[in-house]
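# Let me see the structure of the following:
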Amino acid sequence: MSDPDGAADPPTPTPPSPSPVPPPPPVEWPEDGVLTRDWVASFTATLDWCSRRLPPDQLPSILSADFVRRLLLGAAGILHREPNIVRVDPRPDQAVVVVGDVHGQLHDVMFLLRDAGFPSEERIFVFNGDYVDRGAWGLETLLLLLAWKIFLPNRVFLLRGNHESKYCTSVYGFEREVMVKYKNQGGQVYRKFLRCFEDLPLASIIAGCVYTAHGGIFRGAIVLPSKRAKRAKKGHKYIASSAEDSTTLKLGSLDELLKARRTVLDPPWEGSNLIPGDVLWSDPSLEKGLSLNKERGIGLLWGPDITQQFLYTNNLKLIIRSHEGPDARDKRHDLLGMDSGYTTDHQVACGKLITLFSAPDYPQFQASEDRYNNSGAYLVLSPPDFATPDFHSFQAVKPRPAANPYYDFEEVIDSDEELNLGAMDTGNLSS
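The predicted structure is shown next:
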């Protein structure tokens with residue numbers, strides 16, 4: 001366009017390009033070894049930046065393998081000293097936030113922490129496991145939560161999920177994620193994660209009246225044959241699970257859970273140490289009684305009568321478990337779906353059984369264009385009784401940063417069914 005006297009319009013200035021966000025400096029462990037709230041906040045921001053702007057195989061330029069090992073060792077030292085059942089005894093001025101599966105969805109975890117209010121002297125967090133696998137940022141997600149654990153060891157409690165195991169991480173992506181991000185140092189880093197998995201407690205009791213665990217309840221301890229019987233059958237391996245059925249199964253006690261050996265790479269599905277596998281893999285049912293979980297090949301199914309028995313025997317009011325997302329519930333028409341991130345599966349005389357799932361729009365990578373688009377949820381237990389959950393559903397943080405999956409999500413089943421039990425490693429790293 002020209003002006004009236006024939007002179008050409010001056011060219012429109014091109015707006016300056018936004019200057020690129022400079023990368024954060026490499027994360028360093030505090031010189032005095034003491035984490036602070038500011039350090040954790042800065043660490044969170046760094047993880048967010050890396051997930052959005054850094055190719056995965058360049059992550060060691062910001063989070064060195066030595067730093068990751070140091071964080072894992074620091075957290076494992078705390079976790080190792082905790083019992084199988086951690087007792088969470090809030091004061092009358094404290095609230096307890098319970099979180100279900102998060103599966104490497106880093107940005108949803110950061111939102112949840114902010115939305116619920118970060119861990120503090122007034123707010124305790126209990127996480128029910130499954131921090132890794134399927135999502136693209138399992139490593140960053142678990143490191144963030146472990147940093148919170150080191151900073152506030154008596155305000156943040158991290159329980160083990162079934163995916164904190166050698167088998168699941170080899171199938172559902174976490175092992176490959178570590179290898180891609182840390183390349184030639186990946187094997188050493190991955191083994192440090194496995195060692196940390198072994199140290200995670202199995203369950204919690206909150207305010208003396210709420211039991212939380214990833215999968216749920218468990219059978220009584222298996223009594224091995226006598227030494228004389230063992231000598232008579234030298235060389236034969238005792239397999240308990242194949243011989244048991246619903247007529248021989250009995251509900252386990254909290255004392256038996258306290259004595260179970262949790263330091264295994266994969267929870268055993270045979271032998272005498274079956275309690276960890278039950279706690280991590282079991283599912284509720286609407287049918288009465290205890291039975292073997294044949295769909296999964298490990299753990300149990302339990303009915304409302306068993307929920308009532310467990311609550312009554314242990315003077316509890318709530319069971320809060322996780323383990324089942326929208327994909328698993330889509331195959332179970334006897335129970336409610338996971339659209340809102342939580343369900344009440346049993347309501348009995350003594351209280352309730354709740355399933356809590358905290359990964360929205362799960363799984364991150366879905367083979368079908370028709371996504372589940374579920375909400376995630378967390379719940380808050382408040383004084384005076386800590387037994388009336390306040391549910392908070394939330395949507396996924398969108399758009400998610402571009403990322404590639406670390407497992408073949410089109411071929412690998414989505415609900416942990418049909419396990420290759422022969423591939424599971426029921427030893428530990430020192431065995």
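# following the lowest-mean-pLDDT helix or strand in the chain, which helix or strand comes up?
Scoring the helices and strands of the chain by mean pLDDT, DSSP states H and E places helix 227-232 at the bottom, with a mean of 45. Using DSSP states H and E, the helix or strand that follows helix 227-232 towards the C-terminus is helix 254-259.
# pLDDT of the following helix or strand past that following helix, averaged?
Sequence order places helix 275-281 as the next helix or strand after helix 254-259, per DSSP H and E. Here helix 275-281 scores 97 as its mean pLDDT.
# same question, stretch 291-305
Taken as a whole, stretch 291-305 has a mean pLDDT of 95.
# Same question for stretch 402-417.
Confidence for stretch 402-417, expressed as mean pLDDT, is 82.
# Also stretch 375-393?
For stretch 375-393, the mean pLDDT works out to 98.
# buried ones in it?
375-381, 386-387, 389, 392-393 (16 or more other C-beta atoms under 10 Å). The C-beta positions use only the backbone N, C-alpha and C, and glycine is treated the same way.
# Distance check, residue 142 against residue 194.
According to C-beta to C-beta, to the nearest Å, residue 142 stands 12 Å off from residue 194.
# Between the two, which is the more surrounded one?
The neighbour count for residue 142 versus residue 194, taken as other C-beta atoms under 10 Å, is higher for residue 142 (25 against 19).
# any idea which helix or strand comes after the helix or strand hosting the more buried one?
Counting by DSSP H and E, the element that carries residue 142 is helix 138-151. Note on helix 138-151: by DSSP H and E, the next helix or strand toward the C-terminus is strand 156-158.
# buried set for that next one?
By neighbour count on 16+ other C-beta under 10 Å, the buried set for strand 156-158 is 156-158.
# Let's have these in a markdown table, adding distance to residue 177.
Below are the buried residues of strand 156-158 laid out as a markdown table (distance: C-beta to C-beta, whole Å):
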| residue | distance to residue 177 |
| --- | --- |
| 156 | 23 |
| 157 | 25 |
| 158 | 19 |
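# Spatially, and excluding backbone neighbours, which residue is closest to residue 389.
Leaving aside its sequence neighbours, residue 389 sits nearest to residue 379 (C-beta to C-beta, 6 or more residues apart in numbering; 4.2 Å).
# repeat for residue 381
Nearest one to residue 381, counting by C-beta to C-beta, 6+ apart, is residue 96 at 4.4 Å.
# residue ranges for the helices of this structure, please.
Along the chain, the segments classed as helices by DSSP state H run 37-53, 65-80, 106-116, 138-151, 166-171, 174-182, 186-199, 227-232, 254-259, 275-281, 304-313, 326-330.
# What residues does the residue nearest to residue 335 when sequence neighbours are not counted make contact with?
In space, and not counting its chain neighbours, residue 335 is closest to residue 345: 5.8 Å by C-beta to C-beta, 6+ apart. Residue 345 is in contact with 284, 335-336, 353-355, counting by C-beta atoms under 8 Å, 6 or more residues apart in numbering.
# which one of those is nearest residue 163?
Nearest to residue 163 among those is residue 355, at 16.1 Å by C-beta to C-beta.
# Tell me where the protein is predicted with low confidence.
Within the chain, the stretches with pLDDT under 70 are 1-19, 223-247, 413-423, 426-428, 430-431.
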